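1. Requesting a structural model of the entry that follows:
(one chain, ligands or ions: 2)
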Amino acid sequence: MGILLKNGRLLDLETGELHSRDVLVEGDRISRIGEDIDPASHQVHELNGNVIVPGFIDMHVHLRDPGLEYKETIETGTRSAAAGGFTTIACMPNTKPILDNPELMRYIYDTTNKTGSCKVLPYAAITRGERGEELTDMEALKEAGAVGFTDDGVGVQSGGMMRSAMERAKALGLPIVIHAEDESLSGKGCMNEGDVSKRLGLPGIPGVAESVHVARDALLAELTGVHLHVCHISDASAVDVVRWAKGRGIRITAEVTPHHLLLTDEGIDGTDANWKVNPPLRTEKDRLACLEGLLDGTIDMIATDHAPHSEEEKRRAFQVAPFGFVGLETAFPLLYTELVEKAKLLTLQQLVKKMATAPAEVFNLPGGTVAEGGLADLVVVNLEEERVIDPATFASKGRNTPFAGWRAKGWPVLTICDGKVTFDRTNSK
Ligand SMILES: NC(=O)N[C@@H](CC(=O)O)C(=O)O
Ligand SMILES: [Zn+2]
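-> Ligands and ions are numbered 1, 2, ... in the order given. Purely as a prediction, here's the structure:
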(Lines give C-alpha, C1' and ligand atoms only; values in the text may rest on other atoms or scores of the structure.)
(Ligands and ions follow the chains in the order given, each with its own letter.)
Protein backbone atom coordinates (compact mmCIF):
# COMPACT_ATOMS: atom_id res chain seq x y z
CA MET A 1 0.00 0.00 0.00
CA GLY A 2 1.28 3.42 -0.96
CA ILE A 3 0.27 6.99 -0.29
CA LEU A 4 -1.64 8.46 -3.21
CA LEU A 5 -1.91 12.23 -3.60
CA LYS A 6 -5.01 12.80 -5.74
CA ASN A 7 -5.72 15.89 -7.84
CA GLY A 8 -2.72 17.95 -6.98
CA ARG A 9 -1.04 20.56 -9.11
CA LEU A 10 2.65 19.78 -9.46
CA LEU A 11 5.03 22.70 -9.85
CA ASP A 12 7.42 22.21 -12.77
CA LEU A 13 10.68 23.69 -11.50
CA GLU A 14 12.03 24.14 -15.05
CA THR A 15 9.12 26.14 -16.49
CA GLY A 16 7.24 27.32 -13.42
CA GLU A 17 4.02 25.79 -14.80
CA LEU A 18 1.53 23.95 -12.63
CA HIS A 19 0.34 20.59 -14.02
CA SER A 20 -2.66 18.64 -12.69
CA ARG A 21 -1.18 15.40 -11.40
CA ASP A 22 -1.55 12.48 -9.03
CA VAL A 23 1.57 11.41 -7.15
CA LEU A 24 2.09 7.93 -5.75
CA VAL A 25 4.55 7.43 -2.90
CA GLU A 26 5.77 3.91 -2.11
CA GLY A 27 8.45 3.30 0.49
CA ASP A 28 10.63 6.41 0.61
CA ARG A 29 10.30 7.05 -3.14
CA ILE A 30 7.89 8.67 -5.57
CA SER A 31 7.00 5.62 -7.60
CA ARG A 32 4.66 7.30 -10.10
CA ILE A 33 3.49 10.70 -11.26
CA GLY A 34 0.48 10.48 -13.55
CA GLU A 35 -2.75 12.10 -14.68
CA ASP A 36 -5.13 9.60 -13.12
CA ILE A 37 -3.61 6.96 -10.90
CA ASP A 38 -5.94 4.15 -9.73
CA PRO A 39 -6.55 4.50 -5.97
CA ALA A 40 -6.33 0.67 -5.64
CA SER A 41 -5.60 -0.04 -1.98
CA HIS A 42 -3.54 3.10 -1.41
CA GLN A 43 -4.09 5.61 1.36
CA VAL A 44 -5.59 8.50 -0.61
CA HIS A 45 -5.14 12.20 0.18
CA GLU A 46 -7.49 14.42 -1.84
CA LEU A 47 -5.51 17.55 -2.67
CA ASN A 48 -8.31 19.55 -4.36
CA GLY A 49 -5.88 21.31 -6.69
CA ASN A 50 -3.42 22.29 -3.99
CA VAL A 51 0.18 22.68 -5.13
CA ILE A 52 2.88 20.02 -4.73
CA VAL A 53 6.44 21.26 -4.33
CA PRO A 54 9.65 19.71 -2.97
CA GLY A 55 10.00 19.63 0.82
CA PHE A 56 11.71 22.76 2.08
CA ILE A 57 15.25 22.60 3.43
CA ASP A 58 16.35 25.02 6.15
CA MET A 59 20.08 25.23 6.80
CA HIS A 60 19.74 27.43 9.91
CA VAL A 61 17.63 26.21 12.82
CA HIS A 62 18.17 26.42 16.58
CA LEU A 63 16.63 23.31 18.15
CA ARG A 64 17.92 24.19 21.66
CA ASP A 65 18.31 20.50 22.48
CA PRO A 66 20.26 19.44 24.54
CA GLY A 67 20.14 21.71 27.55
CA LEU A 68 17.70 24.46 26.63
CA GLU A 69 14.58 22.32 26.31
CA TYR A 70 12.42 24.99 27.91
CA LYS A 71 12.88 26.93 24.63
CA GLU A 72 12.52 24.01 22.19
CA THR A 73 13.25 20.28 21.83
CA ILE A 74 14.13 18.15 18.85
CA GLU A 75 10.56 16.86 19.03
CA THR A 76 8.83 20.26 19.07
CA GLY A 77 11.29 21.92 16.70
CA THR A 78 10.97 19.23 14.04
CA ARG A 79 7.18 19.23 14.44
CA SER A 80 7.31 22.95 13.82
CA ALA A 81 9.48 22.27 10.75
CA ALA A 82 7.02 19.70 9.36
CA ALA A 83 4.12 22.13 9.92
CA GLY A 84 6.08 24.70 7.92
CA GLY A 85 6.65 22.27 5.04
CA PHE A 86 10.28 21.46 5.86
CA THR A 87 11.64 17.95 5.39
CA THR A 88 15.30 18.63 6.21
CA ILE A 89 16.81 21.13 8.62
CA ALA A 90 20.33 21.77 9.85
CA CYS A 91 20.61 22.48 13.56
CA MET A 92 22.99 24.93 15.15
CA PRO A 93 25.51 23.93 17.82
CA ASN A 94 24.86 26.74 20.33
CA THR A 95 23.07 24.39 22.72
CA LYS A 96 24.05 23.57 26.32
CA PRO A 97 26.55 22.01 26.12
CA ILE A 98 27.73 23.25 22.73
CA LEU A 99 27.71 20.58 19.98
CA ASP A 100 31.49 20.26 19.92
CA ASN A 101 32.05 16.52 20.33
CA PRO A 102 31.05 13.32 18.47
CA GLU A 103 28.78 12.04 21.25
CA LEU A 104 26.55 15.06 20.83
CA MET A 105 26.37 14.51 17.05
CA ARG A 106 25.11 11.01 17.83
CA TYR A 107 22.66 12.41 20.40
CA ILE A 108 21.10 14.60 17.69
CA TYR A 109 20.78 11.71 15.22
CA ASP A 110 19.45 9.26 17.85
CA THR A 111 16.93 11.69 19.32
CA THR A 112 15.75 12.65 15.83
CA ASN A 113 15.25 8.97 15.02
CA LYS A 114 13.12 8.56 18.12
CA THR A 115 11.11 11.78 18.18
CA GLY A 116 11.76 13.73 14.97
CA SER A 117 9.28 14.81 12.31
CA CYS A 118 11.93 15.70 9.73
CA LYS A 119 15.57 15.00 8.98
CA VAL A 120 18.03 16.89 11.16
CA LEU A 121 21.61 17.51 10.08
CA PRO A 122 23.82 18.74 12.90
CA TYR A 123 26.43 21.41 12.44
CA ALA A 124 29.38 21.04 14.80
CA ALA A 125 31.15 23.92 16.48
CA ILE A 126 34.36 25.32 14.97
CA THR A 127 35.89 25.96 18.41
CA ARG A 128 35.42 24.13 21.70
CA GLY A 129 32.51 25.63 23.61
CA GLU A 130 32.30 28.27 20.83
CA ARG A 131 34.89 30.12 22.89
CA GLY A 132 37.11 30.89 19.92
CA GLU A 133 40.21 29.52 21.65
CA GLU A 134 40.89 26.04 20.32
CA LEU A 135 39.56 24.06 17.39
CA THR A 136 37.25 21.09 17.87
CA ASP A 137 38.21 17.61 16.70
CA MET A 138 36.85 18.24 13.24
CA GLU A 139 37.84 14.82 11.88
CA ALA A 140 35.95 12.96 14.62
CA LEU A 141 32.98 15.31 14.26
CA LYS A 142 32.78 14.64 10.53
CA GLU A 143 33.01 10.91 11.24
CA ALA A 144 30.04 11.28 13.63
CA GLY A 145 27.92 13.03 11.00
CA ALA A 146 28.58 16.78 11.21
CA VAL A 147 27.52 18.47 7.96
CA GLY A 148 29.64 21.56 8.45
CA PHE A 149 31.29 23.73 11.09
CA THR A 150 30.00 26.91 12.64
CA ASP A 151 30.19 28.88 15.89
CA ASP A 152 26.79 30.38 15.11
CA GLY A 153 25.57 32.77 17.75
CA VAL A 154 29.02 34.30 17.88
CA GLY A 155 31.66 35.21 15.34
CA VAL A 156 35.13 33.64 15.36
CA GLN A 157 37.11 36.71 16.37
CA SER A 158 40.61 35.62 15.37
CA GLY A 159 41.47 35.51 11.66
CA GLY A 160 44.28 33.06 12.42
CA MET A 161 41.88 30.68 14.15
CA MET A 162 39.48 30.94 11.20
CA ARG A 163 42.28 30.21 8.74
CA SER A 164 43.26 27.03 10.63
CA ALA A 165 39.61 25.93 10.80
CA MET A 166 39.23 26.47 7.06
CA GLU A 167 42.35 24.46 6.26
CA ARG A 168 41.03 21.51 8.22
CA ALA A 169 37.47 21.80 6.90
CA LYS A 170 38.85 21.97 3.36
CA ALA A 171 40.82 18.75 3.92
CA LEU A 172 37.62 17.12 5.20
CA GLY A 173 35.49 18.41 2.34
CA LEU A 174 33.02 20.19 4.66
CA PRO A 175 31.89 23.83 4.65
CA ILE A 176 32.69 26.56 7.14
CA VAL A 177 29.46 28.35 7.98
CA ILE A 178 29.89 31.80 9.48
CA HIS A 179 28.01 33.99 11.87
CA ALA A 180 29.81 37.13 10.69
CA GLU A 181 30.26 39.48 13.63
CA ASP A 182 33.28 41.44 14.74
CA GLU A 183 32.60 41.93 18.44
CA SER A 184 34.89 44.92 18.70
CA LEU A 185 32.42 46.64 16.35
CA SER A 186 29.10 45.18 17.55
CA GLY A 187 29.92 45.68 21.23
CA LYS A 188 26.84 45.80 23.45
CA GLY A 189 24.56 46.83 20.59
CA CYS A 190 20.99 45.54 20.67
CA MET A 191 19.69 46.78 17.30
CA ASN A 192 20.97 48.21 14.02
CA GLU A 193 23.12 51.31 14.42
CA GLY A 194 21.39 54.13 12.57
CA ASP A 195 18.74 56.81 12.74
CA VAL A 196 16.29 54.59 14.64
CA SER A 197 18.78 53.48 17.31
CA LYS A 198 19.81 57.12 17.80
CA ARG A 199 16.19 58.24 18.10
CA LEU A 200 15.48 55.48 20.66
CA GLY A 201 18.77 56.03 22.49
CA LEU A 202 19.68 52.33 22.18
CA PRO A 203 23.22 51.05 21.50
CA GLY A 204 23.64 50.05 17.87
CA ILE A 205 25.34 47.28 15.89
CA PRO A 206 26.79 48.77 12.70
CA GLY A 207 26.47 46.91 9.39
CA VAL A 208 30.25 46.79 9.10
CA ALA A 209 30.41 44.51 12.16
CA GLU A 210 29.01 41.94 9.72
CA SER A 211 30.62 42.91 6.43
CA VAL A 212 34.22 43.12 7.66
CA HIS A 213 33.97 39.50 8.80
CA VAL A 214 32.39 38.46 5.50
CA ALA A 215 35.28 40.17 3.68
CA ARG A 216 37.94 38.63 5.94
CA ASP A 217 36.49 35.16 5.59
CA ALA A 218 35.92 35.45 1.84
CA LEU A 219 39.63 36.21 1.44
CA LEU A 220 40.57 33.37 3.78
CA ALA A 221 38.32 31.07 1.73
CA GLU A 222 40.23 32.14 -1.36
CA LEU A 223 43.48 31.33 0.39
CA THR A 224 42.35 27.94 1.70
CA GLY A 225 39.92 26.84 -1.02
CA VAL A 226 37.23 25.90 1.53
CA HIS A 227 33.52 26.27 0.82
CA LEU A 228 32.44 29.29 2.89
CA HIS A 229 28.74 29.72 3.64
CA VAL A 230 27.55 33.04 5.09
CA CYS A 231 24.65 32.83 7.54
CA HIS A 232 21.74 35.27 7.79
CA ILE A 233 23.19 38.06 5.62
CA SER A 234 21.53 41.37 6.45
CA ASP A 235 23.75 44.26 5.43
CA ALA A 236 24.07 45.89 1.99
CA SER A 237 27.86 46.03 2.11
CA ALA A 238 28.02 42.35 3.10
CA VAL A 239 25.89 41.49 0.06
CA ASP A 240 28.29 43.49 -2.11
CA VAL A 241 31.27 41.62 -0.66
CA VAL A 242 29.66 38.25 -1.45
CA ARG A 243 28.91 39.42 -5.00
CA TRP A 244 32.50 40.57 -5.42
CA ALA A 245 33.85 37.29 -4.01
CA LYS A 246 31.68 35.19 -6.31
CA GLY A 247 32.90 37.26 -9.24
CA ARG A 248 36.45 36.47 -8.20
CA GLY A 249 35.72 32.74 -8.24
CA ILE A 250 35.79 32.27 -4.47
CA ARG A 251 33.71 29.30 -3.21
CA ILE A 252 31.21 31.32 -1.23
CA THR A 253 27.47 30.90 -0.72
CA ALA A 254 24.99 32.85 1.40
CA GLU A 255 21.57 32.65 3.01
CA VAL A 256 19.06 35.33 3.97
CA THR A 257 16.15 35.10 6.41
CA PRO A 258 12.50 35.95 5.77
CA HIS A 259 12.71 38.71 8.40
CA HIS A 260 15.63 40.47 6.73
CA LEU A 261 13.72 40.34 3.43
CA LEU A 262 10.49 41.72 4.90
CA LEU A 263 11.26 43.97 7.89
CA THR A 264 13.44 46.93 8.82
CA ASP A 265 14.50 48.67 12.02
CA GLU A 266 11.68 51.21 11.44
CA GLY A 267 9.37 48.63 13.06
CA ILE A 268 11.28 48.78 16.35
CA ASP A 269 9.95 50.97 19.15
CA GLY A 270 12.39 49.76 21.77
CA THR A 271 9.77 48.13 23.99
CA ASP A 272 9.02 44.80 22.30
CA ALA A 273 11.90 42.29 22.28
CA ASN A 274 9.99 40.19 19.75
CA TRP A 275 11.69 42.61 17.32
CA LYS A 276 15.18 41.87 18.61
CA VAL A 277 17.32 39.60 16.47
CA ASN A 278 20.94 39.13 15.50
CA PRO A 279 22.02 40.27 12.99
CA PRO A 280 19.56 43.09 13.62
CA LEU A 281 16.79 44.26 11.32
CA ARG A 282 18.48 46.95 9.26
CA THR A 283 17.42 49.77 6.95
CA GLU A 284 15.25 49.76 3.84
CA LYS A 285 18.42 50.13 1.78
CA ASP A 286 19.81 46.94 3.32
CA ARG A 287 16.51 45.09 2.88
CA LEU A 288 16.43 46.02 -0.81
CA ALA A 289 20.08 44.96 -1.20
CA CYS A 290 19.20 41.55 0.26
CA LEU A 291 16.29 41.22 -2.16
CA GLU A 292 18.48 42.23 -5.08
CA GLY A 293 21.15 39.77 -3.97
CA LEU A 294 18.57 37.01 -3.74
CA LEU A 295 17.31 37.79 -7.25
CA ASP A 296 20.71 38.05 -8.95
CA GLY A 297 22.04 34.85 -7.37
CA THR A 298 24.48 36.50 -4.95
CA ILE A 299 22.38 35.05 -2.14
CA ASP A 300 21.77 31.38 -2.85
CA MET A 301 19.02 30.41 -0.45
CA ILE A 302 16.55 31.35 2.24
CA ALA A 303 17.06 30.04 5.79
CA THR A 304 14.81 30.89 8.73
CA ASP A 305 17.31 31.19 11.62
CA HIS A 306 14.45 29.79 13.73
CA ALA A 307 15.59 30.88 17.21
CA PRO A 308 12.97 30.11 19.88
CA HIS A 309 13.07 31.75 23.31
CA SER A 310 10.65 31.62 26.23
CA GLU A 311 7.94 34.25 26.68
CA GLU A 312 9.55 35.27 29.96
CA GLU A 313 12.88 35.92 28.22
CA LYS A 314 11.24 37.96 25.49
CA ARG A 315 9.26 40.04 28.01
CA ARG A 316 12.53 41.43 29.35
CA ALA A 317 13.67 44.94 28.47
CA PHE A 318 14.83 45.33 24.86
CA GLN A 319 18.47 45.84 25.82
CA VAL A 320 18.76 42.65 27.88
CA ALA A 321 16.33 40.21 26.20
CA PRO A 322 17.92 37.50 24.02
CA PHE A 323 18.19 37.89 20.25
CA GLY A 324 16.10 35.71 17.93
CA PHE A 325 12.81 34.97 16.14
CA VAL A 326 10.97 31.72 15.46
CA GLY A 327 10.42 31.21 11.76
CA LEU A 328 9.75 27.67 10.58
CA GLU A 329 5.95 27.84 10.51
CA THR A 330 5.61 31.23 8.86
CA ALA A 331 8.49 31.33 6.35
CA PHE A 332 6.71 30.05 3.26
CA PRO A 333 3.32 31.77 3.76
CA LEU A 334 4.98 35.13 4.53
CA LEU A 335 7.38 35.02 1.58
CA TYR A 336 4.72 33.71 -0.79
CA THR A 337 2.24 36.39 0.27
CA GLU A 338 4.61 39.35 0.45
CA LEU A 339 7.11 38.67 -2.34
CA VAL A 340 5.20 36.46 -4.81
CA GLU A 341 1.57 37.59 -4.50
CA LYS A 342 1.84 41.22 -3.42
CA ALA A 343 5.19 42.63 -4.57
CA LYS A 344 5.55 40.22 -7.52
CA LEU A 345 9.31 40.31 -7.04
CA LEU A 346 9.64 36.52 -7.07
CA THR A 347 7.72 33.78 -8.82
CA LEU A 348 6.50 30.72 -6.93
CA GLN A 349 9.12 28.73 -8.84
CA GLN A 350 11.95 31.05 -7.72
CA LEU A 351 10.78 30.98 -4.11
CA VAL A 352 10.61 27.18 -4.04
CA LYS A 353 14.08 26.96 -5.57
CA LYS A 354 15.47 29.24 -2.88
CA MET A 355 13.79 27.20 -0.13
CA ALA A 356 14.40 23.66 -1.43
CA THR A 357 16.43 23.15 -4.58
CA ALA A 358 19.28 25.55 -3.84
CA PRO A 359 20.07 24.30 -0.32
CA ALA A 360 20.04 20.70 -1.64
CA GLU A 361 22.46 21.65 -4.42
CA VAL A 362 24.78 23.83 -2.34
CA PHE A 363 25.07 21.34 0.55
CA ASN A 364 24.89 18.26 -1.68
CA LEU A 365 21.78 16.88 0.04
CA PRO A 366 19.05 14.57 -1.21
CA GLY A 367 15.75 16.29 -2.06
CA GLY A 368 14.99 19.62 -3.65
CA THR A 369 12.99 18.14 -6.55
CA VAL A 370 9.81 16.12 -7.09
CA ALA A 371 10.40 13.43 -9.70
CA GLU A 372 9.39 9.87 -10.54
CA GLY A 373 11.87 7.53 -8.91
CA GLY A 374 13.14 10.34 -6.68
CA LEU A 375 13.02 10.74 -2.93
CA ALA A 376 9.55 11.36 -1.47
CA ASP A 377 10.29 14.61 0.35
CA LEU A 378 7.51 17.00 -0.53
CA VAL A 379 4.99 19.50 0.75
CA VAL A 380 1.52 20.41 -0.48
CA VAL A 381 0.59 24.06 -0.04
CA ASN A 382 -2.79 25.77 -0.27
CA LEU A 383 -2.04 29.06 -2.02
CA GLU A 384 -5.59 30.38 -1.50
CA GLU A 385 -5.99 29.72 2.21
CA GLU A 386 -5.48 32.94 4.14
CA ARG A 387 -4.83 33.01 7.87
CA VAL A 388 -3.80 35.51 10.48
CA ILE A 389 -0.50 34.52 12.11
CA ASP A 390 -1.23 33.53 15.70
CA PRO A 391 1.82 32.36 17.69
CA ALA A 392 -0.48 30.54 20.12
CA THR A 393 -1.11 27.97 17.37
CA PHE A 394 2.58 27.18 16.72
CA ALA A 395 3.90 23.64 17.12
CA SER A 396 7.16 25.27 18.24
CA LYS A 397 7.52 26.11 21.92
CA GLY A 398 8.68 29.55 20.79
CA ARG A 399 6.13 32.34 20.36
CA ASN A 400 8.70 35.03 19.60
CA THR A 401 7.89 36.52 16.22
CA PRO A 402 7.38 40.09 15.03
CA PHE A 403 4.90 38.77 12.44
CA ALA A 404 2.04 38.05 14.87
CA GLY A 405 -1.17 39.44 13.40
CA TRP A 406 0.05 39.47 9.79
CA ARG A 407 -2.28 37.95 7.20
CA ALA A 408 -0.67 35.35 4.99
CA LYS A 409 -1.65 32.86 2.31
CA GLY A 410 0.03 29.65 1.21
CA TRP A 411 -0.21 27.35 4.22
CA PRO A 412 1.12 23.79 4.09
CA VAL A 413 -1.60 21.13 4.20
CA LEU A 414 0.50 17.96 3.89
CA THR A 415 4.19 17.26 4.41
CA ILE A 416 5.84 13.97 3.45
CA CYS A 417 9.40 13.18 4.52
CA ASP A 418 11.18 10.01 3.35
CA GLY A 419 7.79 8.72 2.24
CA LYS A 420 6.15 9.23 5.64
CA VAL A 421 3.40 11.72 6.43
CA THR A 422 4.82 14.17 8.97
CA PHE A 423 2.09 16.82 8.86
CA ASP A 424 -1.46 16.40 7.58
CA ARG A 425 -4.51 18.64 7.33
CA THR A 426 -6.13 16.74 4.42
CA ASN A 427 -8.98 14.28 4.90
CA SER A 428 -7.15 11.07 4.05
CA LYS A 429 -8.86 7.73 3.58
N1 LIG B 1 19.74 34.87 15.43
C2 LIG B 1 19.53 35.19 16.69
O3 LIG B 1 19.09 36.31 16.95
N4 LIG B 1 19.79 34.34 17.69
C5 LIG B 1 20.36 33.05 17.60
C6 LIG B 1 21.83 33.05 17.35
C7 LIG B 1 22.25 33.34 15.94
O8 LIG B 1 21.75 32.75 14.97
O9 LIG B 1 23.14 34.14 15.76
C10 LIG B 1 20.04 32.29 18.87
O11 LIG B 1 20.65 31.24 19.12
O12 LIG B 1 19.12 32.71 19.59
ZN1 LIG C 1 23.91 33.59 13.88
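
2. For stretch 32-43, buried residues please.
-> Neighbour counts over stretch 32-43 (16 or more other CB atoms under 10 Å) mark 32-33, 37, 42 as buried. (C-beta placed from N, C-alpha, C; glycine too.)

3. cool, stretch 305-320 as well?
-> In stretch 305-320, counting by 16+ other CB under 10 Å, buried: 305-310, 313-314, 318.

4. quick check: mean pLDDT across the strand or helix carrying V380?
-> Assigned by DSSP states H and E, V380 belongs to strand 378-388. For strand 378-388, the mean per-residue pLDDT is 98.

5. list the helices and strands that strand packs on?
-> Strand 378-388 is packed against strand 51-54, strand 86-91, strand 407-417, with contacts defined by 3 or more CB pairs under 8 Å, 6 or more residues apart in numbering; DSSP states H and E.

6. Could you check how far the shortest one is from the centre of its chain?
-> When distances are taken as CA atoms, centre = their mean, to the nearest Å, strand 51-54 is centred 18 Å away from the chain's centroid.

7. Kindly report the same for the last one.
-> Once both centres are worked out by CA atoms, centre = their mean, strand 407-417 turns out to sit 16 Å from its chain's centre.

8. Which positions in it come out as buried?
-> For strand 407-417, the neighbour count (16+ other CB under 10 Å) marks 408-417 as buried.

9. Model confidence at E284, what's the number?
-> Predicted confidence (pLDDT) for E284: 98.

10. meant to ask about G34
-> 98.

11. Just the closest residue of the protein to ligand 2, please.
-> The nearest approach of the chain to ligand 2 comes at H179, 3.6 Å away (CB to the ion).

12. quick one: that residue and Q157 touch, right?
-> No - taking contacts as CB atoms under 8 Å, H179 lies outside contact range of Q157: 11.3 Å.

13. Show me how the record splits this structure into domains.
-> 3-52+374-398+407-424, 54-362 (automatic domain parsing).

14. ok, the residue nearest to V44 when sequence neighbours are not counted - contacts?
-> Excluding its sequence neighbours, the residue lying closest to V44 (CB to CB, 6 or more residues apart in numbering) is L4, at 4.8 Å. The neighbourhood of L4, defined by CB atoms under 8 Å, 6 or more residues apart in numbering, consists of 22-25, 37, 39-40, 42-45.

15. any chance of those in TSV, plus pLDDT and secondary structure?
-> Shown next, in TSV, are those (pLDDT from 0 to 100; DSSP: H, G, I helix; E, B strand; the rest coil):
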residue	pLDDT	secondary structure
D22	98	strand
V23	98	strand
L24	98	strand
V25	98	strand
I37	98	coil
P39	96	coil
A40	94	coil
H42	97	coil
Q43	97	strand
V44	97	strand
H45	98	strand
